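> just need the structure, nothing else, for what follows:
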Amino acid sequence: MRRLLAGNVVVAVLSLAGTAQAEGECGWTSAGWNAPNGAAVFDRGPGPIRDVLDAIGEYRTHSMLSHGPGSTVSHATLRTPTQASWPGVCTKPITPTDIQYGYPGLEQVNQGGIYMYMYGDSSAGAEWTGWQQGNPSHAALIGDSIWYNHPFVSDISRTDPNQYIDRPVRNSYRVNYSLFQYRDLQSAHEIPGNADNNGMVCSTFLAYAHNYAGRGLVTPHTYSHAQIANAANSLYTGVYNQCKQSLGWFTNALLTVACPFYNVCGNAGNQVANCMSANRCDTSDAKHWKAVRDDGNTTATSISPDRIGGWGVHPMNNTIWGPDYSHQLQWNSGGNVYGCWQ
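Residues are numbered from 1 along each chain as shown. Prediction:
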């Protein structure tokens, strides 16, 4: 990303602010967003994470750290997992490492990249966006600390080999996107912190960035057994339905044709639910996630996008962003930037 800023920012002849031209995961934006440096940016979009958060009564599905209007963005995300090879796809439809050690994980992208991430697929783009800054000087410290002080490595984009994407590292390793963070964030929000799969998700990264900049520990929230049981059922059902309808992760995947004698979509639902509930991403045996769902003593402890923003049951003073109200995210700063998000 620092290479992009140094030499690969190209001006496009585009007339309408916020329009984009898609090339897979890369494309142009004709303007940058208005979120200040250090602001937490939120959206609500489709997919399995939304099923989980809806089930526990929360709204926001993704959170990001802005480095300023028209500038770069740090966030943790997961690309669409790949389909396992035949015939294994019949019993374990999703490549296990894609959901246990998710790519790209923690990354820094420019405005073209983040626009394509949010809106590149017009059929499944964000339906709501907003940002919160809180104290401007404290927010700027968070943005600057991650951008200027945090160690990183640069990867070549998997979509466009001429583009580089910076990836902040923790404990000298790239930070993966780990679904298990929704069940147990462990010490991902602490400094130096650690977690299974060297993982973070979007909101545990925001908590980590808050702490890294010396703005204080963001305390996690413990969800009741009833909530996580409902979330597990919703996750399984959501993945199953998307698979049956060839939506989301399963667009153009003719799984039922390739495996006519298997409940492939049920296996996919079990595999994802196992991964999030028990960090067992390599199996579609439903006993793992159902053991968590059916044990009345089980809970989940994590930090969600709503908690970062101080929404709902979450305290406003848990982060510097929380006391602020949600400002409308607009694409109105100068830019015309081409970029990739993976």
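> relative to its centre, which residue of this protein is most distant?
No residue in the chain sits farther from the centre than residue 261, which is 34.1 Å out by C-alpha atoms, centre = their mean.
> roughly how far does that residue sit from residue 86?
Residue 261 is 13 Å from residue 86, where distance means C-beta to C-beta, to the nearest Å. Bear in mind the C-beta positions are built from the backbone N, C-alpha and C, glycine included.
> kindly report the same for residue 316.
Taking C-beta to C-beta, one finds residue 316 at 51 Å from residue 86.
> try residue 329
From residue 329 to residue 86 the distance is 42 Å (C-beta to C-beta).
> pLDDT below threshold where in this structure?
1-24, 121-124, 247, 249, 251-257 (pLDDT under 70).
> biggest helix in this protein by residues?
Looking across the chain with DSSP state H, the single longest helix is helix 225-244.
> in that helix, what's buried?
Neighbour-count burial for helix 225-244, counted by 16 or more other C-beta atoms under 10 Å, picks out 225, 227-236, 238-240, 242-244.
> are we agreed that residue 306 is in a helix?
Yes: applying DSSP: H, G, I helix; E, B strand; the rest coil, one finds residue 306 inside a helix.
> is it true that it touches residue 59?
Yes: Residue 306 is within contact range of residue 59, at 6.2 Å (criterion: C-beta atoms under 8 Å).
> common neighbours of those two, please.
53, 312 (C-beta atoms under 8 Å, 6 or more residues apart in numbering).
> more neighbours: the two, which one.
Set residue 306 next to residue 59 and count neighbours by other C-beta atoms under 10 Å: residue 306 wins out with 22 against 16.
> got the contact list for stretch 230-248?
Contacts of stretch 230-248 (C-beta under 8 Å, 6+ apart): 46-48, 50-52, 54-56, 80, 93, 124, 223, 249-250, 252-256, 264-266, 268-270, 272-273, 276-277, 289-290, 292-293, 300.
> just the buried members of the residues you listed?
Burial by neighbour count, judged by 16+ other C-beta under 10 Å, picks out 46-48, 50-52, 54-56, 93, 223, 249-250, 253, 255, 264-266, 268-270, 272-273, 276-277, 289-290, 292-293, 300 from the contacts of stretch 230-248.
> more neighbours: residue 316 and residue 86, which one.
Taking neighbours as other C-beta under 10 Å, residue 316 and residue 86 compare with residue 316 leading, 13 against 10.
> which phi and psi does residue 181 have?
phi -60, psi -30 (degrees, to the nearest 10).
> please enumerate the strands of the stretch 201-342 of the chain.
Assigned by DSSP state E, counting those that start in this stretch, the stretch 201-342 of the chain shows strands spanning 221-223, 300-302, 331-333, 337-340.
> any chance of a markdown table for those, columns distance to residue 170?
Shown next, in a markdown table, are the strands of the stretch 201-342 of the chain (distance: least, C-beta to C-beta, whole Å):
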| stretch | distance to residue 170 |
| --- | --- |
| strand 221-223 | 22 |
| strand 300-302 | 17 |
| strand 331-333 | 30 |
| strand 337-340 | 23 |
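> most neighbours per residue, which of those strands?
Most buried of the strands of the stretch 201-342 of the chain, by mean neighbour count (mean count of other C-beta atoms under 10 Å): strand 337-340, with a mean of 27.
> who does that strand touch, helix- and strand-wise?
Judged by 3 or more C-beta pairs under 8 Å, 6 or more residues apart in numbering; DSSP states H and E, strand 337-340 is in contact with strand 26-29, helix 111-119.
> okay if I get these as JSON lines plus mean neighbour count?
Listed next are the helices and strands packed on strand 337-340 as JSON lines, based on neighbours: other C-beta atoms under 10 Å:
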{"stretch": "strand 26-29", "mean neighbour count": "25"}
{"stretch": "helix 111-119", "mean neighbour count": "27"}
